[in-house]
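In: make a model of this:
(one chain, ligands or ions: 2)
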Amino acid sequence: MRYQSTRGAAPLLGFRDVTLAGLASDGGLYVPESWPSLTREQIADLAGLSYVETAVRVMLPFVGPDLSEDELRDLCTQAYGRFSHAAVTPLVQLDHQHWLLELFHGPTLAFKDVALQLLGLLFEKFLAGSGDHLTIVGATSGDTGSAAIDAVAGRAGIDIFMLHPKGRVSEVQRRQMTTVLAPNVHNIAIEGSFDDAQALVKAMFNDADFAGRFQVTAVNSINWARLMAQVVYYFYAAVRLGAPDKPVAFAVPTGNFGDVFAGYVAAKMGLPIARLIVATNVNDILHRALSTGDYSTGTVTPTAAPSMDIQVSSNFERLLADLAGAPVADQMRGFEAARAMQLTNAQRDGAAALFASDRIDADAMNEAMRWGFTQAGEVLDPHSAIGLAAARRADLPADVPVVTLATAHSAKFAEAVERATGLRPPVPARVGDLHERQERYDVLPATFEAITAYIAERATPRQ
Ligand SMILES: Cc1ncc(COP(=O)(O)O)c(C=O)c1O
Ligand SMILES: N[C@@H](CCOP(=O)(O)O)C(=O)O
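Out: Numbers count the residues shown, from 1 in each chain. Ligands and ions are numbered 1, 2, ... in the order given. As a prediction, this is how the structure comes out:
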């Protein structure tokens, strides 16, 4: 498999190099040159397979020739062996039509672990014996940071610099990052928003001098390997609910458009998906783009679902390029300059064939949390509740099962859950003594100069 940039001017790369590169050198995002597909029979054969075996069959077309089937199986066995549920991502029934796919049984209690546990192992494998040193730069609104840090803390040949918006992540999210005291982990709280952090990270990739001096790579969903690993659970859930004979819909709480783009990839590979429901909070740029074609940024409003307080959704570019059937360099440059753009008719129509969207405010989110608990005893976190609220409002035939992706454990957002439901979420054993542990992080202004100077002082330059 070879990968090309959404902006059309970066070299084609294989899986190993695309994983180590993160962002493409022309500022675009890497996508496969063509979509691999699974036949109806191959999809039917996934029924009853373990998560690891499903992962091997779904991801194998993307990793050759850099990884063999046995190597991929070995990495998946290690990655998913760290999950606390035997099913890795169990499916829970809420009523006759609604299901929850619990993606939060990994080490840091959010869906990010599904991809990042694997990505940490991929980095280690691809670096082995090379003498290279990786400098990971990442931006987080709370969950990617802790999952990435858990995946690479203490690994030789890797430093991780993680930027989070100061005061805008939950206490559990912050502590999951800042109490990891391994010397290769560097947490930076920036005086700004997640969008500022993400823009700084992209600017570091686009600075040839900086990116050349350190071998900079990404753990955000701009890294193709992140999305590839997330495609797996769409297949895993859908075959349990009747695919390929029966189409299934998914409701996805959405911020950076990575998780839902993985669903789009699953559909491209042949999985019969009736609808992908994009659920946003009041930071609703994606809902506006999909419902009216207007992709224009506003100011970010802090919400009880902080991981989705995002205006500029990196992976939307991957969708726009796929729907255009051509590089979108000009369209994206126009957006970067004006912070606004209109989708073309082809992009709007193409998206409308599979996607629906909804904007969920605080009342609807709280109502979904209460419904989940009274209906099925499920204590939902605010992000998952946004997905469920959109799922329940979606216009779908009654015989189509709808799976809401439950993207985080409620204990990560205990105060918001308690406010909505009166319930204090149960604290998983994995949280342990998090609140007693020592924290370490630095606070920096959200400027390119301040962040790059900080990293340059601590990172290992390329030999
Ligand atoms: C708990 C949670 N739910 C949903 C999302 C949105 O996912 P995505 O950014 O892939 O759209 C995030 C952050 O990315 C998250 O941390
Ligand atoms: N919600 C995310 C934001 C970053 O998204 P990513 O999927 O691109 O890493 C977070 O929790 O950090």
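In: so which residue of the stretch 1-150 of the chain comes closest to ligand 1?
Out: Closest to ligand 1 within the stretch 1-150 of the chain is Asp143: 3.4 Å, counting by C-beta to the nearest ligand atom. For the C-beta atoms, the positions are set from N, CA and C on the backbone; glycine is no exception.
In: from Leu121, how far off is that residue?
Out: Per C-beta to C-beta, to the nearest Å, Asp143 is found 19 Å from Leu121.
In: when the two are compared, which one has more neighbours?
Out: When neighbours are counted by other C-beta atoms under 10 Å, Asp143 and Leu121 differ, and Asp143 comes out ahead with 28 against 18.
In: whichever residue of the stretch 301-450 of the chain sits closest to ligand 2: neighbour count?
Out: Per C-beta to the nearest ligand atom, Ser307 is where the stretch 301-450 of the chain lies closest to ligand 2, at 3.7 Å. Residue neighbour count, defined by other C-beta under 10 Å, stands at 30 for Ser307.
In: before we move on, what about Gln215?
Out: Residues near Gln215, counting by other C-beta under 10 Å, number 22.
In: likewise the one 3 residues further on?
Out: Ala218 is flanked by 27 other residues according to other C-beta under 10 Å.
In: identify the residues contacting the closest residue to it other than its chain neighbours.
Out: Nearest residue to Ala218 in three dimensions, chain neighbours excluded: Gly22, at 2.9 Å (C-beta to C-beta, 6 or more residues apart in numbering). For Gly22, the contact set (C-beta atoms under 8 Å, 6 or more residues apart in numbering) comprises 205, 216-220, 222-223.
In: among those, which one has the most neighbours?
Out: Among these, the one with the most neighbours (other C-beta under 10 Å) is Val219, at 30 neighbours.
In: now do the contacts for it.
Out: Val219 neighbours (C-beta under 8 Å, 6+ apart): 22, 116, 119, 136, 138, 144, 148, 151-152, 160, 226.
In: wait, what's in contact with Tyr3?
Out: Tyr3 touches 12-15, 18, 30-33, 224, counting by C-beta under 8 Å, 6+ apart.
In: widest-spaced pair of those?
Out: Greatest spacing in the contacts of Tyr3, by C-beta to C-beta: Gly14 and Val31 (13.7 Å).
In: between those two, which one's more packed in?
Out: More neighbours surround Val31 than the other of Gly14 and Val31, with 23 against 14 (other C-beta under 10 Å).
In: mind listing what's buried along the helix or strand harbouring Met177?
Out: Secondary structure assigned from DSSP states H and E places Met177 in helix 171-178. Within helix 171-178, the residues that count as buried by 16 or more other C-beta atoms under 10 Å are 172-178.
In: and the contacts of the next helix or strand along the chain from it?
Out: Counting by DSSP H and E, the next helix or strand C-terminal to helix 171-178 is strand 185-191. Outside strand 185-191, the residues that touch it by C-beta under 8 Å, 6+ apart are 145, 149, 152-153, 159-167, 177-178, 196-197, 200, 440-446, 451, 454-455, 458.
In: hmm, the next helix or strand after strand 185-191 touching ligand 1?
Out: Counting by DSSP H and E, the element after strand 185-191 in chain order, helix or strand, is helix 194-206. No. Counting by C-beta under 6 Å from any ligand atom, ligand 1 is not contacted by helix 194-206; separation bottoms out at 9.1 Å.
In: quick one, which of the contacts of Tyr3 are buried?
Out: Buried members of the contacts of Tyr3, counted by 16+ other C-beta under 10 Å: 13, 15, 18, 30-32, 224.
In: what is the mean pLDDT for stretch 420-438?
Out: Across stretch 420-438, the average pLDDT comes to 88.
In: what distance separates the start and the end of that stretch?
Out: End-to-end distance for stretch 420-438, by C-alpha to C-alpha, to the nearest Å: 30 Å.
In: quick one: contacts of it?
Out: Contacts to stretch 420-438, defined as C-beta under 8 Å, 6+ apart, come from residues 84, 107-109, 171-172, 175-176, 179, 181, 304, 365-366, 369-370, 373, 379, 381-382, 385, 409-411, 414, 417-418.
In: and if you look at stretch 199-215?
Out: Under the criterion C-beta under 8 Å, 6+ apart, residues 20, 22-23, 27, 132-135, 137-139, 163, 190, 216, 218, 220, 222, 312, 446, 448, 451-452, 455-456, 459-462 lie in contact with stretch 199-215.
In: restricted to strands, list the residues you listed.
Out: Judged by DSSP state E, the subset of the contacts of stretch 199-215 located in strands is 134-135, 137-139, 163, 190, 216.
In: by neighbours, which of those wins?
Out: Busiest of these [other C-beta under 10 Å] is Val137, holding 32 neighbours.
In: confidence score at that one?
Out: Val137 is assigned a pLDDT of 97 by the prediction.
In: likewise for Glu449?
Out: The model reports Glu449 with a pLDDT of 97.
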